[in-house]
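Novice: this one's sequence-less:
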């Protein structure tokens, strides 16, 4: 039952966003929830992991290194270029770069499963990019937007350490100790993650309600193109380098799907509420595009 409810995540996110757009006063006082909700998401990610998950990196270092390299090279650069093409404001450009500079999102693991890709590999890639993001994300942001606005890279690094690393490690330790009891509850933790990201999206939409209608079309096109660049480049570059179809699908999903919740939190904490809007909309869109591509690839596997 929980899995069925979770599979409709994009619909819940859209419906709740419509509600908060129509009734922004219902969420404007909930800004303080955003960081605790992301901490909960990262804890839920950690509690589904075990130390053995990290050992996979040693078994397949080349494909993991490729995915993480593409993640941090292509996505922030694409975000910057796309923002310039669509002439987005400085605040939205910052938000787009933050989306591009963060790690892969946990939703990529679900989409990898639905697409008949390599789920274990997807989890490994997400974990590695998440841990690297503690250092990489602040300095990528500094690289791309530091010329126009002050970027507190060290403060961001410390925030990501507290918001990402500590909850993930806490969840991992609990799972390692109480695996027998926690194993049965993985679906519940996944559901909590989905509810949390839906709330984060809704809060950001509500806070930016007055500005959404005036920037929606250009920002939406930017987000769609950014996501598409990640999916397409991840797939074809991996294939060109001689990896198989399943590995290429896994990398494509990992590169194209970002931890946009973290981008939202960093934007709210260090920049402006408007800078958080790209992350909120990306959260909805990459799950829609991911679901579409997963449906296509799963049918392709059945034919094969």
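Specialist: Thanks, I have the structure now. Quantities reported herein were computed from a predicted structural model and do not represent experimental measurements.

Novice: Counting by contacts, list what the longest helix along the chain packs against.
Specialist: For the chain, the longest helix by residue count, based on DSSP state H, is helix 209-240. Here helix 209-240 touches helix 9-22, helix 61-85, helix 90-101, helix 245-256, helix 277-303, going by 3 or more C-beta pairs under 8 Å, 6 or more residues apart in numbering; DSSP states H and E. For every residue, glycine as well, the C-beta is placed using N, CA and C.

Novice: Of those helices, give the one that comes closest to residue 177.
Specialist: Among these, the nearest to residue 177 by C-beta to C-beta is helix 61-85 (26.5 Å).

Novice: Next, the buried residues of that closest one.
Specialist: 63-64, 66-68, 70-72, 74-83 (16 or more other C-beta atoms under 10 Å).

Novice: Per-residue confidence at the spatially most central residue of the chain, what does it come out as?
Specialist: Closest to where the C-alpha atoms of the chain average out (C-alpha atoms, centre = their mean) is residue 259, at 2.0 Å. You'll see residue 259 listed with a pLDDT of 89.

Novice: Please shift the residue numbers so they start at 812 in all later answers.
Specialist: OK, 812 is where the count begins now, so the last one is residue 1070.

Novice: so what's it up against?
Specialist: Residue 1070 makes contact with 913, 914, 915, 916, 917, 941, 944 under the criterion C-beta atoms under 8 Å, 6 or more residues apart in numbering.

Novice: pretty sure the fourth one is touching residue 937, no?
Specialist: To tie it back to what came earlier, the one meant is residue 916. Yes - using C-beta atoms under 8 Å, residue 916 is in contact with residue 937, at 7.4 Å.

Novice: neighbour-wise, which of these two wins?
Specialist: residue 916 (30 against 27; other C-beta atoms under 10 Å).

Novice: got a pLDDT number for that one?
Specialist: Confidence score, pLDDT, at residue 916: 82.

Novice: what do you get for residue 833?
Specialist: At residue 833, the pLDDT recorded in the model is 90.

Novice: go on, residue 933?
Specialist: With respect to pLDDT, residue 933 scores 86.

Novice: which element is the residue nearest to it when sequence neighbours are not counted on?
Specialist: Once flanking residues are discounted, residue 933 sits nearest to residue 923: 3.8 Å by C-beta to C-beta, 6 or more residues apart in numbering. Residue 923 belongs to helix 918-925 when assigned by DSSP states H and E.

Novice: What is that helix packed up against?
Specialist: Applying 3+ C-beta pairs under 8 Å, 6+ apart, we find helix 918-925 packed against helix 930-956, helix 1056-1067, helix 1088-1114.

Novice: among the ones you listed, which is nearest residue 1076?
Specialist: Nearest of these (C-beta to C-beta): helix 1088-1114, 8.3 Å.

Novice: Tell me what angle that closest one forms with helix 820-833.
Specialist: 160 degrees (axes from the mean of the first three to the mean of the last three C-alpha atoms, to 10 degrees).

Novice: list the buried ones in helix 1088-1114?
Specialist: Taking 16+ other C-beta under 10 Å as the criterion, helix 1088-1114 shows 1088-1102, 1104-1105, 1108 as buried.

Novice: How about stretch 839-855?
Specialist: 841, 845, 846, 848, 849, 850, 851, 852, 853, 854, 855.

Novice: contacting residues around residue 890?
Specialist: Per C-beta under 8 Å, 6+ apart, neighbours of residue 890: 907, 908, 910, 911, 912, 955, 1037.

Novice: State the distance from the fourth one to residue 886.
Specialist: So the one you mean is residue 911. To residue 886, residue 911 is 4 Å away according to C-beta to C-beta, to the nearest Å.

Novice: Give me the common contacts of those two.
Specialist: 1037, 1069.

Novice: before we move on, the earlier item: what's in contact with the helix holding residue 923?
Specialist: Contact partners of helix 918-925, identified using C-beta under 8 Å, 6+ apart, comprise 817, 820, 928-930, 932-934, 936-937, 1001, 1060-1061, 1064-1065, 1067-1068, 1097-1098, 1101-1102, 1104-1106, 1109.
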